[in-house]
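Enquirer: Return atomic coordinates for the entry below.
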Amino acid sequence: MKITLFMAMSLDGLTSRKNGSEDFLSELDWKFFCGLTEKSGCLITSRETYDNVKSWESESFDDIKNIKKIIVSHNKNTKLDKGYNLALSPLEAIKTAEKLMCKEAVLTAGPNLTKDFFREKLINEIIINIDPISVGNGIKLFQENNFTTKLKLLGIKKLNHGIVQLHYKVLY
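Expert: Sure, this is the predicted structure:
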């Protein structure tokens, strides 16, 4: 199964403010994410990201039609809305996606789940949108870890609003 990590971030590598707000990211990032996820047919995200996106006023994971949605939480009693599937680990998320007949999925999550997917060597590609802003303080894209992941650059695109998109293959 092909897993593509997609994240939008500030130039200084932050995906959100400390309170989880992504108010500095462009609407273009959300639209690209939705299109990429619809194309893959499957979304995998963390319970924290699921809860954060549920609190947004204008966008929602429910806006992404005809996809399978998997939420990873270490709590087996996590309550999810209808149409969402619970997985207790990255490996279980992959198994769930395969049972749902998915051949690929988009992962978008905070640094903890992202680190777990990297540790298990489950991510095949990374697409990062870098927005032209420095936030200075917030949540980093990558958390400190004790392993190295090599990447091969597949492409660079300049998008509207000064956004630069980097596309990598993960080489483990």
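Enquirer: CA only for contacts and neighbour counts going forward, please
Expert: Noted.
Enquirer: And what about Tyr168, helix, strand or coil?
Expert: strand (DSSP: H, G, I helix; E, B strand; the rest coil).
Enquirer: hang on, isn't it packed against Leu151?
Expert: Yes. If you go by CA atoms under 8 Å, Tyr168 and Leu151 touch, sitting 6.0 Å apart.
Enquirer: In this structure, where is pLDDT below threshold?
Expert: By pLDDT under 70, the low-scoring segments of the chain are 146.
Enquirer: still on that earlier bit, okay, Tyr168 and Leu151: which has more neighbours?
Expert: Tyr168 (19 against 15; other CA atoms under 10 Å).
Enquirer: which non-adjacent residue is nearest the more buried one?
Expert: Nearest residue to Tyr168, sequence neighbours excluded (CA to CA, 6 or more residues apart in numbering): Leu153, at 4.5 Å.
Enquirer: now do Leu100
Expert: Lys68 (7.3 Å).
Enquirer: Now for that neighbour, how many residues are close by?
Expert: If you count neighbours by other CA under 10 Å, Lys68 ends up with 22.
Enquirer: tell me which residues form a beta bridge with it?
Expert: Counting by DSSP bridges, Lys68 forms beta bridges with Cys42.
Enquirer: hang on, it packs against Leu43?
Expert: Yes. With contact defined as CA under 8 Å, Lys68 and Leu43 form a contacting pair (6.2 Å).
Enquirer: Let me see the contact set for the residue nearest to Tyr168.
Expert: 166-169 (CA atoms under 8 Å, 6 or more residues apart in numbering).
Enquirer: wait, which of those is closest to Asn129?
Expert: Leu166 (6.5 Å; CA to CA).
Enquirer: Tell me the spacing between the closest one and Ile130.
Expert: According to CA to CA, to the nearest Å, Leu166 stands 8 Å off from Ile130.
Enquirer: The chain: helices as residue ranges?
Expert: 27-40, 47-54, 90-99, 111-119 (DSSP state H).
Enquirer: Include distance to Gly136 and mean neighbour count when you put these into JSON lines, please.
Expert: Shown next, in JSON lines, are the helices of the chain (distance: least, CA to CA, whole Å; neighbours: other CA atoms under 10 Å):
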{"stretch": "helix 27-40", "distance to Gly136": "20", "mean neighbour count": "17"}
{"stretch": "helix 47-54", "distance to Gly136": "21", "mean neighbour count": "17"}
{"stretch": "helix 90-99", "distance to Gly136": "30", "mean neighbour count": "18"}
{"stretch": "helix 111-119", "distance to Gly136": "17", "mean neighbour count": "18"}
